[in-house]
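Peer 1: Structure for this input, please:
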Amino acid sequence: MSGIQVGDILSRYCKIEGFWLTNWLPETIKKDPVAYFKFIETELKPLLSTTFASTISARFGLHQIKDGYENYRGNMSAGKVLF
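Peer 2: Below is the predicted model of the structure:
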């Protein structure tokens with residue numbers, strides 16, 4: 001079994017830290033709007049077409065709920081099914 005074991009973290013007094021983009025952005029736009037827009041342009045914009053991309057396997061109208069569900073059940077890892 002791989003991954004992080006909760007027991008190891010608790011028994012070894014480890015801590016996990018992260019960067020919360022949703023907290024950083026509002027603070028930064030107030031303090032330094034130029035840095036905020038520079039960050040969006042240089043760091044986030046390039047990721048929009050790759051990192052944050054989703055594969056769409058099929059599209060269905062709302063009147064095709066049954067067909068869309070059956071498509072999803074048969075191809076769960078093929079991508080998103082949109083209604």
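
Peer 1: Now stretch 5-17: average pLDDT?
Peer 2: Stretch 5-17 comes out with an average pLDDT of 74.

Peer 1: part of a strand, is Val81?
Peer 2: Yes - counting by DSSP: H, G, I helix; E, B strand; the rest coil, Val81 is part of a strand.

Peer 1: Could I get the pLDDT score of the nearest residue to it once chain neighbours are set aside?
Peer 2: Take Val81 and drop its neighbours on the chain: the residue closest to it by C-beta to C-beta, 6 or more residues apart in numbering is Tyr72, 4.5 Å away. C-beta: built from backbone N, CA, C; applies to glycine. For Tyr72, the model assigns a pLDDT of 92.

Peer 1: Which strand or helix spans Tyr72?
Peer 2: Per DSSP states H and E, Tyr72 falls inside helix 65-74.

Peer 1: helices or strands up against that helix?
Peer 2: Other elements packing on helix 65-74 under the criterion 3 or more C-beta pairs under 8 Å, 6 or more residues apart in numbering; DSSP states H and E are strand 56-59, strand 80-82.

Peer 1: can you tell which of the ones you listed is closest to Thr22?
Peer 2: strand 80-82 (23.3 Å; C-beta to C-beta).

Peer 1: Quick one: mean pLDDT over that closest one.
Peer 2: Taken as a whole, strand 80-82 carries a mean pLDDT of 91.

Peer 1: Parallel or antiparallel, which strands does it pair with?
Peer 2: Under the criterion DSSP bridges, strand 80-82 sits next to strand 56-59 (parallel) in its sheet.
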